[in-house]
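Student: how does the following fold in three dimensions:
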Amino acid sequence: MKISGITIPLAALCLTVHAVTATAAPDPFFAVPTARELPLDTRILSESVRDGVRTQSVTFRGADFNGKPTKIFAWYSRPEKAGKYPAVLQIHGAGLTTLDPNPDYAKNGFACLVIDWAGECRDRKVPRKPPTSEFSSPGNMASRKNGKWQIAGVETDGIRNGVLFARRALEFLRNRPEVDRNKLMVVGSSAGAHLTLLLLGQEKELHAAVVKYGCAYIRDLQGFFGGYFGPLSLCPVEQQDRWLAHLDPKHGLQNSRAKVLLLSGTDDIFFWMPVVLKTFREMPEPKRLLMLPNDNHRLVGKEPISLAWFKASLSEPFLWPSTPAPAVRKQENGTLLFTVRPSAVPPLKSVKLVYKSMPIPFEFRAQSNVKWQEKEMRRSGEEWSTELPEVGKDDQLVAYVLVEDGSGNRASGDSVEYPAWPRWRGLPGYDRIPPQKLPQGNLLKGIGDFEVKKGFTYVGKAHLDLSGTHARSGKGACYLFDDSKNYIAMGVPAVSGKKFRLSGYFKSRDPKGKARLQINWNRNGPLKYDLKTPEITDRYQQLVLEGTIPDNTRNGLLILTSPGNGMYIDDLEYRIFE
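Tutor: Next comes the predicted model:
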């Protein structure tokens, strides 16, 4: 096929063909009445016409929530000229203060509805000023009460109401005479991006969407559960399970039929790069990814890329650059060769390798002092390539390709990791342990003398005895008894493969007794520990627990117990040496 002299391979047209995949039925948890079942009862609060755009502030009925009616406040902008227009629903992020209209879409031939799903925010120190949406909810996600993080209730969560508001907003657009109901689109930023992903699972008729800084698979990648969802991670697991069963967008993601642009930043502190990449991998076609180097939530509220995506989605064929992940191969001279075959249509102006290499542990959020770098790739036929220096044995490299076409539209691909890093991809495996320096001297100095209560956690009735009666030196000694009910514990350093030695003086409360010395090693792999349970008398005697720290160990947990009626401990030492 040729368009304007450009030859378009058949593969370039495949974006409009949907693979047959298993989909989930829309969740009745997010069901809303149609405008026929529950009239919108739209009220116009204000109206203006400027630069060919008619803008109205409006309210209309939302779905009932928590057994009460709701009201949606929104700004609606459309071209003043009569006609049928595609429409964009714009969903804001968290922390909204004032909702503003967006006439820019209307200036470019779209109707645009900007909704308020934050509401009055009466729990803030300074509640929002009217007009606002109106609904009743105890809050979003989780909150801290009486020192504990709790989820107030999934059914009453403001995020659920946000999805209901968005679905009713689409009903508003479907029932506008100037809107082409077959060309409904949505853009959401940050918390609004999370809503947008949920909405994609419920609204199969959406034509296109832009998800700016958001993700699904919230708890699926071990070690990457946090950011925007940090409060949720602090709640009891059974509460997390109930919340995620409905509010993790992964459950409905395969229902999406829209052309979706997933936009994020390598350094985003709210929606972490590995989880965003996982979301993109699982998202059905048609889709594109745009991962911006050294970006942390920078484009929230900025719509030029979204506008370009929506315009492109209306063209036939749909033309937007794309690229797979690069392949990487270590060459004989030690350098790394990266190769990739991005899409040939539309023609590309630039192909860059974006990469970061640094000593482990690899940092990927804004707190990192190591920046992502960009390097132009060279073209040879359909393949592009570039080389990077050899990676150090204790370094981790992550790289991906960023392409740009002649219109300035950009896209990126999935990442490649060198050496392989399964955890980054949500696969089974372990993180490498960074090289550790050998600690010097007694690592319990000032703690194992038991002259002051510090360092150890005292469990049950285990306590510090400062009477001087039972001390071997000074005035203090530690007393513990009854095994796992009354004991002391503390974390201790570890260096894989090095020798350790725990020593101290112990005496039984009775003429004869037993002591239990144990160190559990926190490591990448099955649990390992060192244990000793010697008999002791009622006179101080030195006990020693020693051995080799297992491989892939991060640190240890020292636990001291007395299986019998009790014992005293004094002058503990813990050392690591060659």
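
Student: make it CA atoms for all contacts and neighbour counts henceforth
Tutor: Fine.

Student: I'd say residue 345 and residue 319 touch.
Tutor: Yes: using Cα atoms under 8 Å, residue 345 makes contact with residue 319 at a distance of 7.1 Å.

Student: overlap in contacts of these two?
Tutor: Residues touching both residue 345 and residue 319 (Cα atoms under 8 Å, 6 or more residues apart in numbering): there are none.

Student: for the protein, what spans make up the helices?
Tutor: 104-107, 158-174, 191-200, 230-233, 237-247, 273-282, 304-313 (DSSP state H).

Student: any idea how far residue 180 is from residue 327?
Tutor: From residue 180 across to residue 327, the span is 43 Å (Cα to Cα, to the nearest Å).

Student: ugh, typo on my part, it should be residue 206
Tutor: Noted for residue 206: a distance of 34 Å to residue 327, by Cα to Cα.

Student: looking at the two, which one has more neighbours?
Tutor: Taking other Cα atoms under 10 Å, residue 206 and residue 327 do not tie; residue 206 has more neighbours (21 against 16).

Student: contacts only, for that one.
Tutor: Here residue 206 is in contact with 182-186, 200, 257-258 (Cα under 8 Å, 6+ apart).

Student: name the member of those with the most neighbours.
Tutor: Neighbour count (other Cα under 10 Å) singles out residue 186 as the most crowded of the contacts of residue 206, with 28 neighbours.

Student: which pLDDT value goes with that residue?
Tutor: Residue 186 carries a pLDDT value of 98.

Student: pretty sure it contacts residue 209?
Tutor: Yes: using Cα under 8 Å, residue 186 is in contact with residue 209, at 4.8 Å.

Student: shared neighbours of those two, which are they?
Tutor: By Cα under 8 Å, 6+ apart, the residues touching both residue 186 and residue 209 are residue 196.

Student: show me what residue 559 bridges to in the sheet.
Tutor: residue 489, residue 518 (DSSP bridges).

Student: please name the bridge partners of residue 464.
Tutor: Residues in beta-bridge contact with residue 464 (DSSP bridges): residue 478.

Student: ok, it - contacts?
Tutor: 450, 452-453, 476-479.

Student: list just the nearest of those to residue 45.
Tutor: Residue 45 lies nearest to residue 453 out of the contacts of residue 464, by Cα to Cα, at 65.7 Å.

Student: quick check: phi and psi at the residue with the largest distance to the centre of the chain.
Tutor: The C-alpha centroid of the chain is most remote from residue 511, which lies 57.3 Å away (Cα atoms, centre = their mean). Main-chain dihedrals, residue 511, degrees, to the nearest 10: phi -50, psi -40.

Student: now the end-to-end length of stretch 40-53.
Tutor: End-to-end distance for stretch 40-53: 23 Å, by Cα to Cα.

Student: give me the mean pLDDT for that stretch.
Tutor: In this model, stretch 40-53 has an average pLDDT of 97.

Student: likewise stretch 65-82?
Tutor: On average, stretch 65-82 scores 97.

Student: put the alpha carbons of it into PDB.
Tutor: What follows is stretch 65-82, C-alpha atoms only, in PDB (Å, rounded to 0.1, in the frame of the first residue of the first chain):
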ATOM      1  CA  PHE A  65     -22.500   6.000  46.100                       C
ATOM      2  CA  ASN A  66     -22.600   4.700  49.600                       C
ATOM      3  CA  GLY A  67     -26.400   4.800  49.400                       C
ATOM      4  CA  LYS A  68     -26.500   8.600  48.600                       C
ATOM      5  CA  PRO A  69     -26.900  10.700  45.400                       C
ATOM      6  CA  THR A  70     -23.800  12.300  44.000                       C
ATOM      7  CA  LYS A  71     -23.100  15.300  41.800                       C
ATOM      8  CA  ILE A  72     -20.300  15.800  39.300                       C
ATOM      9  CA  PHE A  73     -18.800  19.200  38.700                       C
ATOM     10  CA  ALA A  74     -17.000  19.600  35.400                       C
ATOM     11  CA  TRP A  75     -15.800  22.000  32.700                       C
ATOM     12  CA  TYR A  76     -17.000  21.200  29.200                       C
ATOM     13  CA  SER A  77     -15.400  22.800  26.100                       C
ATOM     14  CA  ARG A  78     -16.300  22.300  22.500                       C
ATOM     15  CA  PRO A  79     -15.800  24.000  19.100                       C
ATOM     16  CA  GLU A  80     -18.400  26.700  18.600                       C
ATOM     17  CA  LYS A  81     -18.900  25.600  15.000                       C
ATOM     18  CA  ALA A  82     -21.600  23.100  14.500                       C
END
